[in-house]
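Undergrad: With the input below, show me the fold.
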Amino acid sequence: MKLPKAVRTYRRKLARTAANLATTASRATGRGAGGMIGGLVANAIDPSIMNDLGGGRPVALVTGTNGKSTTTRMLTAALRTKYTVVSNEGGDNMDAGIISALLAGEDATHVVLECDELHVPHVAERLDASCLVLLNLSRDQLDRVGEINKIERALRACVNARPDMTVIANCDDVLMTSVAWDSPNVIWVSAGIGWLGDSVSCPRTGGSVIRDGWDWYAVKKLPNGQEFRRPTPTWMITPDGIKHADTITPLELQLPGNANRGNATQAIAAAVECFDVPVADAAAAAGTVDNVAGRYSTITHGDHQVHMLLAKNPAGWQEALSMVDRDADGLVIAVNGQVADGEDLSWLWDVVFESFEGIAVKAAGERSADLGVRLLYAGIEHETIPDPVAAIEACPPGKVEVLANYTAFRDLKKALNK
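TA: Model (predicted):
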């Protein structure tokens, strides 16, 4: 039964007040940054509050296994050259975090949100999303989110249910191509992909996927007889910059790695295609992003300059490993196995660690023993020191590269910032 308007208005006001109090209390007591508690409280009081907070504003959602936070930050920077924008810049990408961000930015004209893959369908519906950026799909915390084919089907259903939504899709990723394949409003972007282990078969037919340079195609045709093949992109990352409409826009980023150049390309394509931001302005804005919630930052700790890198799954670890400075004085690899990380660490055996000769390696974190066994079989000489701070201090003075998964990164950053 629908509640009377007066009751709905009162409940909405109560939800906002309680959320603000909870957020303030969380920050004041040091229990957290307040990025989720306000949303949890507000949603408990008023389950329809997310719908109301959309307010009919243009909404862009960014999703994928890796790169959500970075791409969201770049897209937000691009839109801020022209609009006022609210975004969940702390990375809280499920319902509670999204509601908290929207509560804090009700006066903004535009909304840019990173969104957990499994939350995209209902968030897109509740906020009437006008733009969806599809980055990549690969195995991630199987004990928590399940197989990627399940996620692909959920995202595909979301896209098919919203034909007016503009989709910015990475055509180099087989799974995301399948998600966007039937959309009448898809913009194909060649953002590159470094991890191919999860795209060996077609998600629609089960047949093998054959790769030939940049091109790929499925051996089995779709049920309608159509060939499932890499679409021709209208946006492409190149060594010289972003190619679009036969022009090259220079791209100078402060963030390292080929993956971030691909992330920037999709963010810029979304800014131009969905929000009419000039491409040069969008590219310049993306280039101002220098860290994402502490990722890629350098923290001084005693005699050590600690360079922080985050990785959460095999694809992300492989990309992060390519960013490690081989001339650093030490490397600390920290792995936890909490719920937020995924308690199943069998993915460690999918990561290629066999390339760190000549650098002092320390295995750290709550699951340092598991990591130590993996490094032993990789032939990497290392020392196991469970406390990441102690592991850093055990490295020779100078630059120390730190590669950590989610909670290990979070806890170490907090300890170093003290």
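Undergrad: residues near residue 363, how many?
TA: Counted with other Cβ atoms under 10 Å, residues neighbouring residue 363 total 26. Heads up, the C-betas are built off the backbone N, CA and C, glycines and all.
Undergrad: three-state assignment of it?
TA: strand (DSSP: H, G, I helix; E, B strand; the rest coil).
Undergrad: quick one: it and residue 330, what's the gap?
TA: The gap separating residue 363 from residue 330 is 12 Å, by Cβ to Cβ, to the nearest Å.
Undergrad: Residue 193 now?
TA: Distance from residue 193 to residue 330, by Cβ to Cβ: 31 Å.
Undergrad: Over to residue 73?
TA: 29 Å.
Undergrad: So for those two, which residue has more residues nearby?
TA: More crowded of residue 73 and residue 330, by other Cβ under 10 Å: residue 73, with 27 against 22.
Undergrad: what's near enough to touch the more buried one?
TA: Taking Cβ atoms under 8 Å, 6 or more residues apart in numbering, we find residue 73 in contact with 87, 89, 289, 292.
Undergrad: next one: residue 98
TA: By Cβ under 8 Å, 6+ apart, the neighbours of residue 98 are 39, 50, 88, 92, 113, 115, 119, 123.
Undergrad: Tell me the buried residues in the host helix or strand of it?
TA: Per DSSP states H and E: residue 98 is located in helix 95-104. Within helix 95-104, the residues that count as buried by 16 or more other Cβ atoms under 10 Å are 95, 96, 97, 98, 99, 100, 101, 102, 103, 104.
Undergrad: Reformat the residues you listed as TSV; add distance to residue 198 and pLDDT.
TA: Below are those laid out as TSV (distance: Cβ to Cβ, whole Å; pLDDT from 0 to 100):
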residue	distance to residue 198	pLDDT
95	27	89
96	29	88
97	26	90
98	27	93
99	31	90
100	32	89
101	30	90
102	32	92
103	36	88
104	36	85
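Undergrad: So the protein: which segments form each domain?
TA: As assigned by the TED database, the chain contains the domains 47-288, 296-417.
Undergrad: Would you confirm that residue 95 contacts residue 51?
TA: No. Using Cβ atoms under 8 Å, residue 95 makes no contact with residue 51, being 11.7 Å away.
Undergrad: count of neighbours near the nearest residue to residue 316 once chain neighbours are set aside?
TA: Using Cβ to Cβ, 6 or more residues apart in numbering and skipping residues adjacent in sequence, the residue nearest residue 316 is residue 66, 4.6 Å away. By other Cβ under 10 Å, 25 other residues sit near residue 66.
Undergrad: if I look at residue 66, how far off is residue 183?
TA: Note on residue 66: its distance to residue 183, by Cβ to Cβ, is 22 Å.
Undergrad: Now do the closest residue to residue 119 other than its chain neighbours against residue 50, distance only.
TA: Counting by Cβ to Cβ, 6+ apart, residue 94 is the residue found nearest to residue 119 once chain neighbours are left out, at 5.4 Å. Distance, residue 94 to residue 50, using Cβ to Cβ: 11 Å.
Undergrad: Can you pick out the residue with more neighbours from those two?
TA: Higher neighbour count among residue 94 and residue 50: residue 50, with 21 against 16, using other Cβ under 10 Å.
Undergrad: Can you tell me how far that one is from residue 231?
TA: 33 Å.
Undergrad: Could you double-check that residue 14 lies in contact with residue 44?
TA: No. Using Cβ under 8 Å, residue 14 is not in contact with residue 44; the gap is 10.9 Å.
Undergrad: on that earlier part again, out of the contacts of residue 98, which one sits closest to residue 169?
TA: Distance to residue 169 across the contacts of residue 98 (Cβ to Cβ) is lowest for residue 115, with 15.1 Å.
Undergrad: Give me the distance between the closest one and residue 12.
TA: 23 Å.
Undergrad: More neighbours: those two, which one.
TA: Legend: neighbour count by other Cβ under 10 Å for residue 115 and residue 12, higher for residue 115 (28 against 17).
Undergrad: pretty sure the more buried one is in contact with residue 63, am I right?
TA: Yes. Between residue 115 and residue 63 there is a contact at 5.0 Å, judged by Cβ under 8 Å.
Undergrad: Walking through the stretch 251-400 of the chain, point out its strands one by one.
TA: Residue ranges of the strands in the stretch 251-400 of the chain, as given by DSSP state E, counting those that start in this stretch, are 298-301, 304-310, 330-334, 361-364, 382-384, 398-404.
Undergrad: who are the neighbours in contact with the residue nearest the centre of the chain?
TA: Geometric centre of the chain, nearest residue: residue 68, 2.2 Å, by Cα atoms, centre = their mean. Each residue near residue 68 by Cβ under 8 Å, 6+ apart is listed here: 62, 91, 93, 114, 115, 135.
Undergrad: Cool, thanks, talk later.
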